[in-house]
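> One predicted model, sequence on top.
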Amino acid sequence: MSGIHIRHARVLTMLAPGEYTSPAGGRRGRELGTLGVISQGDVLIEGDRITSVSPSGAAVAATQEIDAAGRVLMPGFVDCHTHACWTGNRIDEWEKKLAGATYLDILNAGGGIMSTVRAVRNATQAELAAELRVRLDRMLRLGSTTIEVKSGYGLTAKYELRMLQAIRAAGSGFEGTVIRTALLGHAIDPDAASAEEFFKVLMEEIWLGLSTDHRGVAIDAFCEKGALSVEQCSKLFGGLVRSNHDIRVHADQFTSMGMISAAVGMGARSVDHLEATVPEDLARLAASDTFGVMLPVCGFHLDGRYANGRGFLDAGGKLAVATNFNPGSAPSPSMPFAIALAVRHLRLTPAEAIGAATVNPAVLLNLSDRGYIAPGARADLLLLRHTDERALAYEVGDNPVDKVIAGGEIVV
């Protein structure tokens, strides 16, 4: 007897005719809106894999049968940019922002990232892992079955490696999938003797830990006024990156610094944020093999500024959308909310926003077995409450997910 048989669903395969897996390099431009709809479909799951996808037909003997009754069945969300590992809170700083202080004002006064750094350094690995696990469970209930989590609130090798261990521990036993990223250039440690000394010690001490215990994790940095310059980011990447470490970089959140050209030249996997990107740099990024990751929750929570998603797609770019879940600029674990904002403020169509939350971020994270529905794919699936997928973007403030299947198991 087979595992789970889902019947009479509106299936979003995310595949074009003739495709049996996601496109190797991700979807470009308006092709991101490819949904590959089967209006009345059945999906059979055995173990952690999808074994059959077909138009609705005869009943199949299965351990569990779900009648979708025409509701949408789609891939689980892939949230490819989060800072979900932290402790402490920044509510006091948020109140200062409401009174007129800017993000950079707070950062320059020793708050922002640095306030979370202090709290993280005072926490044990077990405490960090426990808080992260609670957040992962919240995100899973909202449909995120694959979640990228960055370090970055440690700044020194000791604390960054502790964060990476905590992220690993939280992901152990989690029903979904956790992908770790080493955000080694989130800010310059103010306790370091100089920026040069900061980089020297960080690169000397952390490389051994990465190469022996955290092989293959992507390396990230934050290029911004008050954080790292283009030159410092390039030095960090040049000193640490080897063939088994992808480069990712935060750029142009508040200021256009010129990091896009450097990132594209280094073959970065993604450039994330892009709210302040000038048109020529957006076009340069769109023409490259580097993904653009846009984070509309930041615009909603911070300052009302959003990246030009429509322009990026119309120029042929490879776009992903993520929550950026963190205590300072994006306190939301919800990919449905990020999708709703992407349609309203990045000017994506609902179909494009769904593609930016599934198939493209899976490719970005080098996960070829998810983000689409086809035989052989990992059985990470969402059954929505809705019969029309556009409701994901139309509805705001509720959870549109009825059931979550992760690795072939119904977990929500």
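Structure received.
> Show me what whatever helix or strand Leu382 lives in pairs with in its sheet, parallel or antiparallel.
Element membership of Leu382 [criterion: DSSP states H and E] is strand 381-384. Using DSSP bridges, the strands paired with strand 381-384 are strand 72-75 (antiparallel), strand 401-406 (antiparallel).
> Give me the distance between Glu205 and Phe199.
Distance of Glu205 to Phe199, given as C-beta to C-beta, to the nearest Å: 11 Å. The way it works is simple: take the backbone N, C-alpha and C, and place the C-beta from them, glycine included.
> More neighbours: which of these two?
The residue with more neighbours, out of Glu205 and Phe199, is Phe199; 20 against 14, by other C-beta atoms under 10 Å.
> Skip ahead from the helix or strand harbouring that one and say which helix or strand is next.
Phe199 belongs to helix 195-213 when assigned by DSSP H and E. Beyond helix 195-213 on the C-terminal side, the first helix or strand identified by DSSP H and E is strand 218-223.
> residues in contact with that following strand?
150, 152, 181-187, 228-230, 232-233, 236-237, 240-241, 245-253, 257, 259, 269 (C-beta atoms under 8 Å, 6 or more residues apart in numbering).
> ok, 6 Å please
Under the criterion C-beta atoms under 6 Å, 6 or more residues apart in numbering, residues 181-183, 185-186, 228, 233, 236, 240-241, 245-251, 257, 259 lie in contact with strand 218-223.
> State the pLDDT value of the residue sitting furthest away from the middle of the chain.
Most distant residue from the mean C-alpha position of the chain: Ala58, 38.2 Å away (C-alpha atoms, centre = their mean). Looking at Ala58, its pLDDT is 74.
> coming back round to it: packing partners of the following helix or strand past the strand holding Leu382?
Counting by DSSP H and E, the next helix or strand C-terminal to strand 381-384 is helix 391-394. Packing partners of helix 391-394 (3 or more C-beta pairs under 6 Å, 6 or more residues apart in numbering; DSSP states H and E): helix 335-345.
> Could you tell me the angle between the helix it packs on and strand 401-406?
When axes from the mean of the first three to the mean of the last three C-alpha atoms, to 10 degrees is applied, the directions of helix 335-345 and strand 401-406 differ by 120 degrees.
> And the average pLDDT for helix 335-345 is what?
98.
> Not counting its own residues, what contacts that helix?
With C-beta under 6 Å, 6+ apart as the test, helix 335-345 has contacts from 77, 79, 143-144, 296-297, 300, 306, 321, 323, 348, 350, 353, 357, 392-393, 396, 400.
> Tell me which of the residues you listed fall in helices.
Of those, the ones assigned to helices by DSSP state H are Pro296, Val297, Pro350, Ala353, Leu392, Ala393.
> which stretches of the stretch 201-350 of the chain aren't confidently modelled?
In the predicted model, the stretch 201-350 of the chain carries pLDDT under 70 at residues 242-243.
> Grab the nearest non-local neighbour of the residue positioned nearest the centre of the chain.
Geometric centre of the chain, nearest residue: Cys80, 1.7 Å, by C-alpha atoms, centre = their mean. Excluding the flanking residues, the one nearest Cys80 by C-beta to C-beta, 6 or more residues apart in numbering is Pro361, at 3.7 Å.
> so how far is Ala357 from the nearest residue to Arg305 once chain neighbours are set aside?
Leaving aside its chain neighbours, Arg305 sits nearest to Glu275 (4.7 Å; criterion: C-beta to C-beta, 6+ apart). As defined by C-beta to C-beta, Glu275 lies at a distance of 19 Å from Ala357.
> residues contacting Phe254?
Per C-beta under 6 Å, 6+ apart, neighbours of Phe254: Glu224, Ala276.
> and if you look at Ala393?
Neighbours of Ala393 in contact, by C-beta under 6 Å, 6+ apart: Ile339, Ala340, Val343, Pro350, Ala353.
> would you turn these into a markdown table with neighbour count and distance to Gly29?
As requested, the contacts of Ala393 are exported to a markdown table (neighbours: other C-beta atoms under 10 Å; distance: C-beta to C-beta, whole Å):
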| residue | neighbour count | distance to Gly29 |
| --- | --- | --- |
| Ile339 | 27 | 19 |
| Ala340 | 23 | 22 |
| Val343 | 22 | 17 |
| Pro350 | 20 | 16 |
| Ala353 | 29 | 14 |
